[in-house]
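1. Need coordinates for the below:
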Amino acid sequence: MLAIFFKSLLIAFSGAVMPGSVFTYTVDRSLRHGVKAGVLVSLGHALLELILVILIFVGAGRYLAAESAGIAIGLIGGVVLVYLGSQMLKDVYLNKITLETGEMHDHKQGGMFMAGMVLSATNPYFLIWWSAVGLALIMSAYHSLGVWGIVIFYLGHILGDITWYTFVAAMVSKSRHLLNIAIYKTIIVVLALCLVGFGASFFAGSIKHII
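-> Presented below is the predicted three-dimensional model:
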């Protein structure tokens, strides 16, 4: 039981620490909204993973791994990431960026939760990983402890994600007071360009498979 849990936890950490769109978005929202951004984004990510674990276990993994699914996800994901990045650039251009946090941002909490799901779902590599590596881990846990093995695997996995993104958000949030508005805007622009870059990469990769 403990072996399944810690194996899942370590694998989750190894994936979470790699830079990507969810990480980039978490840093951006943590600068604006504080540590709660890491919690909300990771919970959205965790809900999507719960859905995927269930789908893969009941046999949908082969469909998620299909080339057509990867192409569609890459195209959609590319557009979503470019849009999010362009909105961040627009906020900087229109001077909507501020170092102040408060109740005026509370209405965006649901948006951060949904973003955790959407950014994960629109990453073709995320679904490919779950359809290949994730499937093997799920079945291994199932063969060891049945359904409880899958539950333990899932809990270990999401704990790794939530712990990492909350830690990142806490570190970013604590450093906010060291920034002035010019540095803050520069960081937002760099993060926005990273999202646009990820999006362009996903989109271009899918286009290559079509032509």
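
2. Compute the first-to-last residue distance for stretch 138-151.
-> Terminal residues of stretch 138-151 are spaced 9 Å apart (C-alpha to C-alpha, to the nearest Å).

3. Oh, that last question was meant for stretch 126-138, not what I typed.
-> Taking C-alpha to C-alpha as the criterion, the two ends of stretch 126-138 lie 15 Å apart.

4. By residue count, what's the longest helix in the chain?
-> helix 181-210 (DSSP state H).

5. So for that one, mean pLDDT?
-> The pLDDT scores in helix 181-210 average 86.

6. repeat for stretch 55-73
-> On average, stretch 55-73 scores 78.

7. switch to numbering from 40
-> Right, with 40 as the first residue, what we last looked at is stretch 94-112.

8. could I get it in CSV with only the CA atoms?
-> Provided in CSV are the C-alpha atoms of stretch 94-112 (Å, rounded to 0.1, in the frame of the first residue of the first chain):
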residue,chain,number,x,y,z
LEU,A,94,-11.8,6.8,-18.2
ILE,A,95,-8.5,5.0,-18.6
PHE,A,96,-9.6,2.3,-16.2
VAL,A,97,-12.8,1.6,-18.1
GLY,A,98,-11.0,1.3,-21.4
ALA,A,99,-10.9,4.7,-23.0
GLY,A,100,-7.1,5.0,-22.9
ARG,A,101,-6.6,3.7,-26.4
TYR,A,102,-8.9,6.4,-27.8
LEU,A,103,-7.1,9.2,-25.9
ALA,A,104,-3.8,7.9,-27.3
ALA,A,105,-5.1,7.9,-30.9
GLU,A,106,-3.3,10.2,-33.3
SER,A,107,-6.5,12.0,-34.3
ALA,A,108,-7.2,12.8,-30.6
GLY,A,109,-3.6,14.1,-30.2
ILE,A,110,-4.0,16.3,-33.3
ALA,A,111,-7.3,17.8,-32.1
ILE,A,112,-6.0,18.4,-28.6
